[in-house]
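Enquirer: A predicted structure for the sequence below; I have some questions about it.
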Amino acid sequence: MSKNLLSIVALIVGIGMAPFLLSDYGVSLATEILIMSIFAVSLGMIMGYAGMVSFGHAAFFGIGAYTVALLGEKIPSVYALILLSILITAVVALISGAVFIRTSNFSFLMITLAFGQLLFALAWKMEHWTGGADGIKVSAYLDFGFGEIYSPLGLYYTMAIAFILVYLLLRAFVNSPAGKITKGIMENESRMKALGYNVRIYKLIAYCFSGAIAGFGGSLYAYFNLFVSPDLTHWTLSGQVMLMVIIGGVGTLLGPFIGAGVFIVLQNFISTYTERWPLIMGILLVALVLIGKGGVIHWFGLAGKHLKKREKPELEAATQPLKKEVAK
């Protein structure tokens, strides 16, 4: 418990102190990382704790963003609009998930890809509402009752609080009985069925929960970017977020956060130097995935174990004279 509490405190302190070490552009980039981390951790949860690899998860992110863009003028309350984004996304996840979870592995991957492309096509074709390929501006403003939040620092801390709340919520879920049962289903589905658990119900709960979190991230992105386009529902965004999860570490909640940071920083850094940044980015990411099995967070674990092994002989050597003295 103390170790878990220490890691949570370290995460909160690190996120809280980051703006003091960054430029204005760095703060804006960090804000984007936090939003994409919410999206990435929602996908990472079903990948690492439910065994469901989705290539259409961006659909939920896009639904949340379009809800804010389309209803922002009619619903001025930020609380109501964000809650509506979560509810709409959860309902869509519930309806689609009821069908999708009947498939598994490759079939699940392909049907979620088809679902994402269906919503992308709808967003592209329904120009009267969505603006089509040109997208739509977001007229809603971020005001929680304390005045409009528009400064880079204000936006950063708003998204930081949102990410920490999502992280704690998902942490509570995966450690709950329902979360442990879901992970047990991923590890051995037939055994969990034999024990009497309704496998489909637990998988559907995880899928809906994940979709709702992704919709929440999409609504925050709309407030941050002030522009929404069909690209937010495209499979390429789902693929990018999947890479963030893999780079950071599948089966962890902090891994997607780290992966989002690595991916976005690399993307922005390389693109400033060359127009061929997608090629270089692809090579680097392939290398990271192949070399860093288990993700970046796994490297931290290995480094910690290595330091402990080095400290142990040093500690024994330092206490050896004291042991001899006690023996005398």
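Expert: Sure thing, it's come through.
Enquirer: pLDDT weak spots in the stretch 201-328 of the chain?
Expert: Scanning the stretch 201-328 of the chain for pLDDT under 70 picks out the ranges 289, 292-294, 298-328.
Enquirer: in it, which spans are helices?
Expert: 235-248, 254-271, 277-291, 296-327 (DSSP state H, counting those that start in this stretch).
Enquirer: Surely Phe120 and Leu237 touch.
Expert: No. In this structure Phe120 lies outside contact range of Leu237 using C-beta atoms under 8 Å: 9.6 Å. Heads up, the C-betas are built off the backbone N, CA and C, glycines and all.
Enquirer: Pull the number of nearby residues for the residue lying closest to Leu71 once chain neighbours are set aside.
Expert: Of all residues not flanking Leu71 in the chain, Leu81 sits nearest, at 6.3 Å (C-beta to C-beta, 6 or more residues apart in numbering). Leu81 is flanked by 20 other residues according to other C-beta atoms under 10 Å.
Enquirer: I'd say Leu81 and Ala65 touch.
Expert: No. Judged on C-beta under 8 Å, Leu81 makes no contact with Ala65 at a distance of 11.4 Å.
Enquirer: about what we covered before: and the residue nearest to Leu71, what's its pLDDT?
Expert: Note for Leu81: predicted pLDDT of 95.
Enquirer: and what of Asp24?
Expert: pLDDT, Asp24: 89.
Enquirer: Same check on the one 3 residues further on?
Expert: The confidence metric pLDDT takes the value 94 at Val27.
Enquirer: Quick check: it is in a strand.
Expert: No. Applying DSSP: H, G, I helix; E, B strand; the rest coil, one finds Val27 to be helix, outside a strand.
Enquirer: for the helix or strand hosting Ser85, the distance to its chain's centre please.
Expert: Element membership for Ser85 (DSSP states H and E) is helix 78-100. What separates the centre of helix 78-100 from the centre of its chain is 17 Å, taken as C-alpha atoms, centre = their mean, to the nearest Å.
Enquirer: Return the list of helices and strands in contact with that helix.
Expert: helix 58-71, helix 105-125, helix 199-225 (3 or more C-beta pairs under 8 Å, 6 or more residues apart in numbering; DSSP states H and E).
Enquirer: For Ser219, which non-adjacent residue is closest in space?
Expert: Ser219's closest residue in space is Ser85 (C-beta to C-beta, 6+ apart), at 3.8 Å.
Enquirer: thinking Leu243 is in contact with Leu266, fair?
Expert: No. Using C-beta under 8 Å, Leu243 is not in contact with Leu266, being 10.6 Å away.
Enquirer: So for those two, which residue has more residues nearby?
Expert: Taking neighbours as other C-beta under 10 Å, Leu243 and Leu266 compare with Leu243 leading, 21 against 17.
Enquirer: And the more buried one, how far from Gln117?
Expert: According to C-beta to C-beta, to the nearest Å, Leu243 and Gln117 sit 19 Å apart.
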